[in-house]
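Enquirer: Build me a model:
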Amino acid sequence: MPHKFDPKNLDRLDRQDRRQLIDVEAVFSQLPLTTGQSVADIGCGTGFFAIPLSRHVPEGKVYALDIADEMLSRLRQKVAENGAANIEVLKCSEMDFPLPKGAMDGILLAFVLHEQEDRVRFLEKVHELLKPGAWVGIIEWEKKETKMGPPVAERIDRSEVKDAASKAGLDFLLATQSGETNYVAVLKRPDSRKERDTATEAVS
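Expert: This is a model prediction of the structure:
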């Protein structure tokens, strides 16, 4: 997000040593990925996750969204260099995503949830994009001081993710450690029957 990241520092996002800090394949192993899914990477940056994600859904599609033109320009170059024909690069705003509602099998939010002023509203907007039973994968910073990442006061811990997810109508499935600096949380949109049951209980 432009208010959090200076586009002049783009090269920092593509440094090789960043790969040693974040095990991308370990992150993907936590997600219920299948080959034909339609997946959105919201806040994709320069494609750190979007490029390898596209190889996990070879029969599906990755929609890579960001609000910074500089990020999207760099990503388009990398998509071409990697021959990643199943990635569509799209510009978005923080609360408006140019995707069909109810069409996504999964959504990846890598280091973006802590940046939102209204995390519940943000997750509600994400929820609108999901098919019943679809997943949300969240990668976030551990709530402790580290050499990289945002100040501790801006970080969001697992319990805060769980609380925001619940308020947004999403089920919290799991949260696992992912290296020293971050963790992975997985949410799920309830299936249609469960949502109907919940609505009926609320009316009762």
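Enquirer: Please point out which parts of the longest strand anywhere in the chain sit buried.
Expert: The single longest strand within the chain, with elements called by DSSP state E, is strand 130-141. Residues of strand 130-141 classed as buried under the neighbour-count rule (16 or more other Cβ atoms under 10 Å) are 130-131, 134-141. C-beta here means a position set from N, CA and C on the backbone, and glycine is covered the same way.
Enquirer: For these, which two are the farthest from each other?
Expert: Largest separation among these by Cβ to Cβ: Lys131 and Trp141, giving 28.8 Å.
Enquirer: any idea which helix or strand carries Asp105?
Expert: Assignment of secondary structure by DSSP states H and E places Asp105 within strand 104-110.
Enquirer: So what are the sheet partners of that strand and their directions?
Expert: strand 38-42 (parallel), strand 130-141 (parallel) (DSSP bridges).
Enquirer: Can you show me the CA trace of the first one as CSV?
Expert: Read it as strand 38-42. What follows is strand 38-42, C-alpha atoms only, in CSV (Å, rounded to 0.1, in the frame of the first residue of the first chain):
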residue,chain,number,x,y,z
SER,A,38,-9.3,-19.2,-9.3
VAL,A,39,-7.2,-17.4,-6.7
ALA,A,40,-6.8,-13.7,-5.9
ASP,A,41,-3.5,-12.3,-4.4
ILE,A,42,-4.7,-9.0,-2.9
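Enquirer: when you give positions from now on, start the count at 46
Expert: Fine by me, first position is 46 from now on; the one you just mentioned is strand 83-87.
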